[in-house]
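**Student:** Sharing a sequence plus its predicted fold:
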Amino acid sequence: MKQLRSNVIRAGLEVFYLTGAHRLLGPIFAGAGSVFMLHHVRPAREAAFQPNSHLEITPNFLRAVLAHLRSRGIDIITMDELHRRFTERDFSRRFACFSFDDGYRDNRDFALPVMREFDAPFTVHVASDFAEGTGILWWTALEMVVAKASQIEVEVAGAAMRLDASTLSAKRAAFARLHDWLRALPGRGDLAREIGALCARHGVDHAAICRDLCMSWDELKPFAAEPLVGIGAHTVTHCNLALQTDEIAAEEMTTSRARIEEAIQRPVLHFAYPYGDRLAAGKREFALAKKAGFKTAVTTRPGMIFPESAEYPTALPRVSLNGNFQDERILPVLTSGAATAMWNGFRRVDAA
């Protein structure tokens, strides 16, 4: 199903590019600007099985995106500047913001040098347990489990399940099935328990993954001091907030913010919802983020920023720089707003 969705999106982007339809829709749906969503920026990996490849782009593709924006005269601004433009209703110039989720070390090692080339600011939303070195990057752990296994046995809803993982196509199907199951587990401890058991059975050290991939507090402090870098919050544990009680969801927001502020000694005013789609962030979460004092909060709902978005600063959509679509030809389609307009049924704001 995920592969089908990816193929449909790719075909849609190709149609826009080949027909030039995005040029007609751009004046209507490009909006005031966009917030780009990124995770990893690093050299391409060669492994055949990469179910999380959508979460990473190469430095060269990031460079192409920035060059495209500069060539169009689009301002690349901070989230603070976005909030100012909202507050002052200043939409005289088109803009783009860059937001990176989780706090990966490659954001420092590979993204920062490219952003410096273009004097482009960006915000990294940090999950505080990841910086602590105790977080669980379960989607990466799951990729490693499935990559090693030829067969996987789990118990789902009290029923034993045996999944084939002997071929590349079987691995992709097994990963998709297990990913959906794990993400839907309600409690923070439920997911940790299940991925921990899977890793133990298949010889994957999930505790080491966080330390290997994410910046520690000691690394984040000098990184946050970089002139182009802003730091936002991304909860404590990277849990699905919509599955938590009001109290736990609020605590995930406020505690992550407090931990980060203590570490970097500066205010943390911007937030990103983990997962961030309709199943993970809705009206309750938008209200909690506002109550917690965040100036902005970004979802993973696709969309451009319109002047009307100023009324919903804690329900902002983003444009994903998806690792499966690293083709410079589609950049005019992405910045035209045509693709996200089609996805959203031509609604300008989706904050429900």
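**Tutor:** Cool, got the structure.

**Student:** burial measure for A192, as a count.
**Tutor:** Close neighbours of A192, defined as other C-beta atoms under 10 Å, add up to 17. Where you see a C-beta, it was placed from the backbone N, CA and C, and this is true even at glycine.

**Student:** Pretty sure it sits against T134.
**Tutor:** No. Using C-beta atoms under 8 Å, A192 is not in contact with T134; the gap is 10.3 Å.

**Student:** I305: neighbouring residues, count only.
**Tutor:** 28.

**Student:** what pairs with the residue lying closest to it once chain neighbours are set aside across the strands?
**Tutor:** In this structure, I305 finds its nearest non-sequential neighbour in G33, 4.9 Å apart by C-beta to C-beta, 6 or more residues apart in numbering. Going by DSSP bridges, G33 is paired in beta bridges with F95, I305.

**Student:** can you pull the contacts of G33?
**Tutor:** 74-75, 82, 94-97, 304-305 (C-beta atoms under 8 Å, 6 or more residues apart in numbering).

**Student:** And it, how close does it get to A289?
**Tutor:** Remark: distance between G33 and A289 (C-beta to C-beta, to the nearest Å) = 20 Å.

**Student:** try G103
**Tutor:** Look at G103 and A289: by C-beta to C-beta, they are 18 Å apart.

**Student:** Just give me the neighbour total for E219.
**Tutor:** Neighbourhood size, E219 [other C-beta under 10 Å]: 14.

**Student:** Just to check, it is in contact with D106?
**Tutor:** No. Between E219 and D106 there is no contact, the gap being 11.8 Å when judged by C-beta under 8 Å.

**Student:** Please state the offset of stretch 323-336 from the chain centre?
**Tutor:** 17 Å (C-alpha atoms, centre = their mean, to the nearest Å).

**Student:** List the buried residues for that stretch?
**Tutor:** Buried positions in stretch 323-336, judged by neighbour count with 16 or more other C-beta atoms under 10 Å: 323-326, 330-336.

**Student:** residue contacts, T134?
**Tutor:** 207, 210.

**Student:** How many residues are close by the closest residue to S34 other than its chain neighbours?
**Tutor:** Closest residue in space to S34, ignoring its immediate chain neighbours: V319 at 4.7 Å, by C-beta to C-beta, 6+ apart. The local packing of V319 (other C-beta under 10 Å) involves 21 other residues.
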